[in-house]
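Engineer: Pasting the sequence and the predicted model now:
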Amino acid sequence: MAGKPILGHLLDQLLDTTIDEAVIVVGSQKGSQIVEYATEAYGTRLDLSFPEQTVPRGLGHGVYQARDAVGDEPMLVVLGDMLFVEGYDPFITAHRSAGADVTIGVHEVDDPTRYGVVELGDGWAISHLVEKPADPPSNYAISGLYGIEDSPALFAALESLITDDDRGTGGEFQLTDAFQRLVADGRDVRAHPVSDWYDCGRAEPLLEVNRVLLDRRSVDDSQGDDGTLVIPPVDIGRDVVIESSIVGPYASVDHGTTIINSIVRDSIVGRNVDLDGVNIERSLLGDDATISDDPATLNVGSNGSLEL
């Protein structure tokens with residue numbers, strides 16, 4: 001997306017703050033890839049550690065794996081599929097100014113049943129939290145950004161959830177439920193509205209934030225002798241072959257991809273993808289996908305192959 005993985009954009013934004021340490025909780029499936037990428041690209045600029053969540057048992061369980069690396073330091077918790085285009089500094093400033101034990105970023109949404117949801121008391125004080133409720137108490141969805149002043153208190157709440165086997169939505173240990181325990185204990189837990197939030201776990205927001213990031217670039221049109229036309233804004237990786245094709249606007253194409261006799265616009269194309277004779281728009285194509293003939297809108301995972 002706009003030249004790098006979502007993790008790269010998140011770590012770039014950390015570099016724009018005073019934070020100098022990142023604890024990245026990884027799973028067993030793609031953990032080695034994440035460690036390799038982050039270490040190579042950011043290891044000289046951030047103090048990195050990679051605790052592993054060997055079994056996926058929920059977001060709360062995942063955050064709990066960071067307890068030894070974090071210790072008793074305050075922390076900023078950022079979910080790996082949530083992107084805040086304007087960065088973290090405004091939120092960090094608001095958290096410190098409020099003087100709260102916990103500050104949770106929230107955003108009004110039309111369908112809060114897909115998210116953790118907060119109920120507000122006086123001002124922005126949170127009186128109740130619930131994960132993916134069938135009957136939401138408000139439209140304020142938790143946006144995946146948390147400022148924690150007393151990290152040991154949160155880890156203790158998470159440990160009590162796990163020890164009590166108190167599983168929430170989906171049979172998992174939910175971070176939202178740990179914050180609810182802090183509220184019940186009388187902790188000062190507050191909400192802060194965020195407006196530049198993109199849930200990159202879904203296709204349309206991922207494409208939207210790709211457009212936003214590419215719009216910040218300034219590149220002229222270019223045209224090849226074979227009629228190839230590149231229309232900015234675009235991001236094109238190394239060793240990409242484009243023949244008799246139109247690429248852009250709003251196309252991100254990763255390294256090693258081949259595009260022949262095709263039109264690619266408003267799409268994110270992974271690494272080492274082969275496209276031949278296709279016209280795609282508003283699509284996501286994973287690494288090593290092969291597509292030929294004329295699909296319209298696609299979401300193809302890594303190593304996928306389509307011929308229409």
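Structural biologist: Yep, that arrived.
Engineer: now the helices for this protein?
Structural biologist: If DSSP state H is used as the criterion, the helices of the chain fall at 6-15, 31-42, 59-64, 67-70, 89-98, 151-163, 175-184, 203-214.
Engineer: How far away from the center of its chain is the fifth one?
Structural biologist: It refers to helix 89-98. Averaging C-alpha positions (Cα atoms, centre = their mean, to the nearest Å) puts helix 89-98 21 Å from its chain's average.
Engineer: Check what pLDDT the one residue sitting closest to the centre of the chain gets.
Structural biologist: Among the residues of the chain, the smallest C-alpha distance to the mean C-alpha position (Cα atoms, centre = their mean) belongs to residue 81, namely 2.0 Å. Per-residue confidence (pLDDT) for residue 81: 89.
Engineer: That one - nearest residue in space that isn't next to it in sequence?
Structural biologist: Beyond its immediate neighbours in the sequence, the residue positioned closest to residue 81 (Cβ to Cβ, 6 or more residues apart in numbering) is residue 201, lying 4.1 Å away. Glycine gets a C-beta too; all of them are placed from N, C-alpha and C.
Engineer: Can you report how many residues neighbour the one you found?
Structural biologist: Here the number of neighbours of residue 201 (other Cβ atoms under 10 Å) works out to 14.
Engineer: Please tell me how far it sits from residue 6.
Structural biologist: Residue 201 sits 10 Å away from residue 6, going by Cβ to Cβ, to the nearest Å.
Engineer: go on, residue 259?
Structural biologist: Distance from residue 259 to residue 6, counting by Cβ to Cβ: 23 Å.
Engineer: Looking at those two, which has the bigger crowd around it?
Structural biologist: Between residue 259 and residue 6, counting by other Cβ under 10 Å, residue 259 is the more crowded of the two (26 against 18).
Engineer: Tell me what the more buried one is bridged to.
Structural biologist: The residues listed as beta-bridge partners of residue 259 by DSSP bridges are residue 242, residue 275.
Engineer: Please list all residues in contact with it.
Structural biologist: With contacts defined as Cβ atoms under 8 Å, 6 or more residues apart in numbering, the neighbours of residue 259 are 240, 241, 242, 243, 245, 247, 253, 269, 275.
Engineer: Tell me the pLDDT of the first one.
Structural biologist: We note a pLDDT of 96 for residue 240 in this prediction.
Engineer: Let me know the pLDDT of the closest residue to it other than its chain neighbours.
Structural biologist: Here the nearest residue to residue 240 in space, its sequence neighbours aside, is residue 257; by Cβ to Cβ, 6+ apart that works out to 5.1 Å. Note on residue 257: pLDDT of 97.
Engineer: What of residue 205?
Structural biologist: In the predicted model, residue 205 carries a pLDDT score of 88.
Engineer: so what's it up against?
Structural biologist: 198, 199.
Engineer: What's the separation between it and residue 269?
Structural biologist: 18 Å.
Engineer: one step back: so the residue nearest to residue 240 versus residue 39, what's the distance?
Structural biologist: Residue 257 sits 25 Å away from residue 39, going by Cβ to Cβ.
Engineer: Those two: which is more packed in?
Structural biologist: Under the neighbour definition other Cβ under 10 Å, residue 257 and residue 39 were set side by side, and residue 257 has more, 26 against 14.
Engineer: didn't the more buried one look like it was pressed against residue 276?
Structural biologist: No: using Cβ atoms under 8 Å, residue 257 and residue 276 do not qualify as a contacting pair, with a distance of 11.6 Å.
Engineer: circling back: ok, the residue nearest to the centre of the chain to residue 179 distance?
Structural biologist: 19 Å.
Engineer: now do residue 259
Structural biologist: Look at residue 259 and residue 179: by Cβ to Cβ, they are 46 Å apart.
Engineer: same thing with residue 108?
Structural biologist: Between residue 108 and residue 179 the computed distance is 19 Å (Cβ to Cβ).
Engineer: More neighbours: which of the two?
Structural biologist: Neighbours were tallied for residue 108 and for residue 179 using other Cβ under 10 Å; the higher tally belongs to residue 179 (26 against 11).
Engineer: The more buried one: what's its closest spatial neighbour, skipping adjacent residues?
Structural biologist: Closest residue in space to residue 179, ignoring its immediate chain neighbours: residue 129 at 5.3 Å, by Cβ to Cβ, 6+ apart.
Engineer: So what sits opposite that neighbour in the bridge?
Structural biologist: Per DSSP bridges, the residues bridged to residue 129 are residue 118.
Engineer: Could you do residue 147 as well?
Structural biologist: Applying DSSP bridges to residue 147 yields these beta-bridge partners: residue 76, residue 103.
Engineer: That one - how many residues pack around it?
Structural biologist: By the measure other Cβ under 10 Å, the count of residues near residue 147 is 23.
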